[in-house]
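Undergrad: the sequence and its predicted three-dimensional model are supplied below.
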Amino acid sequence: MTPRLEVLERALIPRILEEAFGLLDEPGVRVQAPRAVELLTANGATARGEVVRIPEPLVRQALATAPREFHLHARDGRPTVRYGGDTVQFDPGSSGVQIFDAERGEHRPSCAADLVRLVQVAEMLPVYAAQSTAVVCCDVPQEIGDLYRLFLVLWHSDKPIVTGAFTASGTRLMIDLLAADSGGRDALVARPRAVFDVCPSPPLHWSEFAAENLMDLARAGVPAEIVSVPMAGATAPVTLAGAVVQHAAECLSGITIHQLAGPGAPVVWGGAPAIFDMRTGTTAMGAIETALLGAACAQVGKSLELPTHGYLCGSDAKCIDAQAGMEAGMAALVGALSGINMISGAGMLDFLASQSAEKLVVDAEAIGAALRLRRGVTASTDSLAAAMFAQTGLNGEFLKLRETRQLFRTEQHLPSSVIDRSTLRAWQEQGGRDTAARAGARVAQLLASYERPALGTGREAALLQVIEPEARRSGLDRLPGL
Amino acid sequence: MHEELFAAMRQSVIDGDTDRVRQLAQQSLDLGVDPLDAINLGFVRGVNYVGEQFGLGEMFLPDLVMGGEAMKAAVAVLEPEMTRRGSRRASLGTVVLGTVKGDIHEIGKTLVQTMLTATGFLVHDLGVDVPAETFVARAREVDADIVGLSALLTTTMPAQRLVVQALEREGLRPRVRVMVGGAPVTREWAVEIGADGYGEDAMAAVTLARTLMVGKGAAP
């Protein structure tokens, strides 16, 4: 059996949806994109200025056309990420504007070289099913920041990618870039490599860019992931159930805009709901209530049979310390047991502001453990114990058994050198290093063994053909991070 | 005189009970109490207490925000009488505050507004998504001592620089100090764009505002 976590009583889900549908009527949703308002009103919604009332049947119609499942594909075309059902996958958090420099113990603005390093580390860790455009590059002009991040990830990785655009022109160029990577628009739609995060502004507000972005992605047939970010107690009701209602209403309105623009286009019920810390006024990404919100929102999405996403595994700690490990580890467990399809956030410190390669390798251990827990305890041999006792009797020499050698790798999650299970003496002899120091060594080891995937000269040229004119136009005279 | 009334006023702000605040403010007017006394000896003491307790970690943001709202309700009731008497609340300084253009994040800015008001600054809150020209126009209109600029996004931070430049262009910079804040904002950024200071949070913003006023020649 797969252990599962459900944090909402089943009877509560219809109530949550009923109130969410109610919110879409009163107070309605603020939609700042005139074209999205037109699309909604042409299909039965009513609008007064920017405020649109979306009737339930229209939303139900959108839910009926939204696909139940879709895949993201690795460079070689294999569908390695599945959005749908109870598949659980993780990717690094992607909202970073800073990098935590573990050697100096300081946070500084992230640049292209930092993103490349993060991509290389994540590429080497199988628990990350997807890459993300993990940080903003401060050495790249802002107007091509979104495009360039994606370019660097495509250049250095074979994995599927969770990304997002900053502007409407960014969306268009990023789709061009992905098409160049996939070998054309048709190939991209048939085997999408990336999903785009699109964020409504809480409460119940679609900015012009976000709404346009949803419509552009739907029309292009490129997967969109709605990342609704209610902050319970500040930009959303303080009660977790109330915030879940708001999250549902934001996702439902987004899916309606998206499916009206492109019926059947892949879309994800996602988010980064969190509680607001009442002492400091910060968004507590590592709080257990934030994990509860992630689990609850996913449970609502699953009840609608939609692919799900959540933002867990980030930490509010500022360095690789016990708090960072505890918060990320507990949230990884909650996310994995909740069956969330894509869980973003690994590597993040300082809420979601700072990425860290060292934390990525520590989190990989927590994720590996969480995925192991998810596999539960199963009967993997015909006789559970008797056959093994028949061989070794009361001698207790199980280490000598063929079964032991055959099965220990699946029975046990094998941690990396980040996790210390040595004897005290061995630990002392190896320098008595703590988690942060072991993580640093592991990062160095992964970077040393990383090899850049072969893109093929045709693909490289195709990517450069998109990026070079944009880089020149924005005043970039060389391409950092290559 | 009226010690019991003043104590009740203090408590009503601590409780964040705006109905009670309005009722007590009205009662003080009926009794002929000087509205300035009602504020300074009654309601402000409540705000100060909430601020202190917040600093100690004993009270929380909802207490602070409700205290601020209660204070506003008190002033709203007392203001007509203050105007009639020609009396004005002594102010530590005049602040024009807002979230810069393109940014609709309100919480941080509103907390700063609450804390500055509670401390005794006269705050003109321009809201969110405020263009540079609006900051300049209001700063000139109210003869602001300080302009406070909030930005929560890395993409909207550059708008803070635009306001600094606009204030310079309009010749206001010699008498107007600029303070900046928001999650991605740093001390280095404040220096880079030519602002006078950066506050990490609402408490720091108050300390900074006081310091900036000292810089302008006010008593600390």
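TA: Nice, I can see it.

Undergrad: and the residue of the stretch 201-350 of chain A found nearest chain B, what does it touch?
TA: Across the stretch 201-350 of chain A, no residue is closer to chain B than residue A:278, which sits at 3.9 Å (CB to the nearest CB). Where you see a C-beta, it was placed from the backbone N, CA and C, and this is true even at glycine. When contacts are counted by CB atoms under 8 Å, 6 or more residues apart in numbering or on different chains, residue A:278 touches A:233, B:60, B:61, B:62.

Undergrad: swap in 10 Å and give it another go.
TA: A:233, A:234, A:238, A:284, B:54, B:59, B:60, B:61, B:62, B:63, B:64, B:65 (CB atoms under 10 Å, 6 or more residues apart in numbering or on different chains).

Undergrad: that one and residue A:191: what is the separation?
TA: 46 Å (CB to CB, to the nearest Å).

Undergrad: kindly report the same for residue A:474.
TA: 30 Å.

Undergrad: and for residue B:42?
TA: 70 Å.

Undergrad: those two: which is more packed in?
TA: More neighbours surround residue B:42 than the other of residue B:42 and residue A:191, with 28 against 18 (other CB atoms under 10 Å in any protein chain shown).

Undergrad: that one is in contact with residue B:5, isn't it?
TA: Yes - shown here, residue B:42 and residue B:5 form a contact pair, counting by CB atoms under 10 Å, at 6.9 Å.

Undergrad: shared neighbours of those two, which are they?
TA: Joint contacts of residue B:42 and residue B:5 (CB under 10 Å, 6+ apart) are B:24, B:28, B:33.

Undergrad: could you list the low-pLDDT ranges of chain B?
TA: B:217-220 (pLDDT under 70).

Undergrad: who touches the residue nearest the centre of chain A in this structure?
TA: Nearest residue to the geometric centre of chain A (CA atoms, centre = their mean): residue A:344, 2.6 Å. Counting by CB under 10 Å, 6+ apart, residue A:344 touches A:89-95, A:130, A:132, A:134, A:162, A:197, A:225, A:227, A:270, A:272, A:309-314, A:335, A:352.

Undergrad: right, and the helix or strand after the host helix or strand of it?
TA: Per DSSP states H and E, residue A:344 falls inside strand A:342-346. Using DSSP H and E, the next helix or strand after strand A:342-346 towards the C-terminus is strand A:348-349.

Undergrad: check which helices and strands that following strand sits against.
TA: strand A:98-101, helix A:322-337, strand A:354-355, helix A:357-374 (3 or more CB pairs under 10 Å, 6 or more residues apart in numbering or on different chains; DSSP states H and E).

Undergrad: just name the most buried of these.
TA: strand A:354-355 (a mean of 30; mean count of other CB atoms under 10 Å in any protein chain shown).

Undergrad: and it, does that touch chain B?
TA: No - remark: strand A:354-355 sits outside contact range of chain B, by CB under 10 Å from any CB of the partner chain, the gap being at least 11.1 Å.

Undergrad: name the residues that touch that strand?
TA: A:92-101, A:107-108, A:110, A:114-115, A:117-118, A:132, A:134-136, A:314-315, A:317-319, A:346-349.

Undergrad: SS state for residue A:195?
TA: At residue A:195 the chain is in strand, as set by DSSP: H, G, I helix; E, B strand; the rest coil.

Undergrad: and what of residue A:340?
TA: coil.

Undergrad: just the buried ones from the contacts of strand A:354-355?
TA: Those of the contacts of strand A:354-355 that meet the buried threshold are A:92-101, A:107, A:110, A:114-115, A:117-118, A:132, A:134-136, A:314-315, A:317-319, A:346-349, by 16 or more other CB atoms under 10 Å in any protein chain shown.

Undergrad: if we can go back for a sec, hang on, the residue of the stretch 201-350 of chain A closest to chain B in a helix?
TA: No - counting by three-state DSSP, one finds residue A:278 to be coil, located in no helix.

Undergrad: and the pLDDT at it?
TA: Each residue has a pLDDT score; the one for residue A:278 is 93.

Undergrad: please report the distance of it from residue A:290.
TA: Distance from residue A:278 to residue A:290, by CB to CB: 14 Å.

Undergrad: shared neighbours, the two?
TA: Shared contacts of residue A:278 and residue A:290, counting by CB under 10 Å, 6+ apart, come down to residue A:284.

Undergrad: now residue A:124: phi and psi?
TA: phi -90, psi -10 (degrees, to the nearest 10).

Undergrad: okay, domains of chain B per the record?
TA: Annotated domains of chain B cover B:3-85, B:94-215 [automatic domain parsing].

Undergrad: from the chain's centroid, how far away is the longest one?
TA: In this view, domain B:94-215 has its centroid 11 Å away from the chain centroid, taken as CA atoms, centre = their mean, to the nearest Å.

Undergrad: what's the neighbour count on whatever residue of chain B ends up closest to chain A?
TA: Distances between chain B and chain A by CB to the nearest CB are smallest at residue B:60, namely 3.9 Å. By the criterion of other CB under 10 Å, residue B:60 has 17 neighbours.

Undergrad: would the lengthiest helix in chain A count as contacting chain B?
TA: Ranked by residue count and defined by DSSP state H, the top helix of chain A is helix A:240-261. No - judged by CB under 10 Å from any CB, helix A:240-261 makes no contact with chain B; its nearest approach is 14.8 Å.

Undergrad: any buried residues in that helix, and which?
TA: A:240, A:242-261.

Undergrad: give me the nearest residue to residue B:42, chain neighbours excluded.
TA: residue B:9 (3.0 Å; CB to CB, 6 or more residues apart in numbering or on different chains).

Undergrad: give the buried residues for the helix or strand where the one you found lies.
TA: Assigned by DSSP H and E, residue B:9 belongs to helix B:3-14. Burial within helix B:3-14, assessed by neighbour count using 16+ other CB under 10 Å, is assigned to B:5, B:6, B:8, B:9, B:10, B:11, B:12, B:13, B:14.
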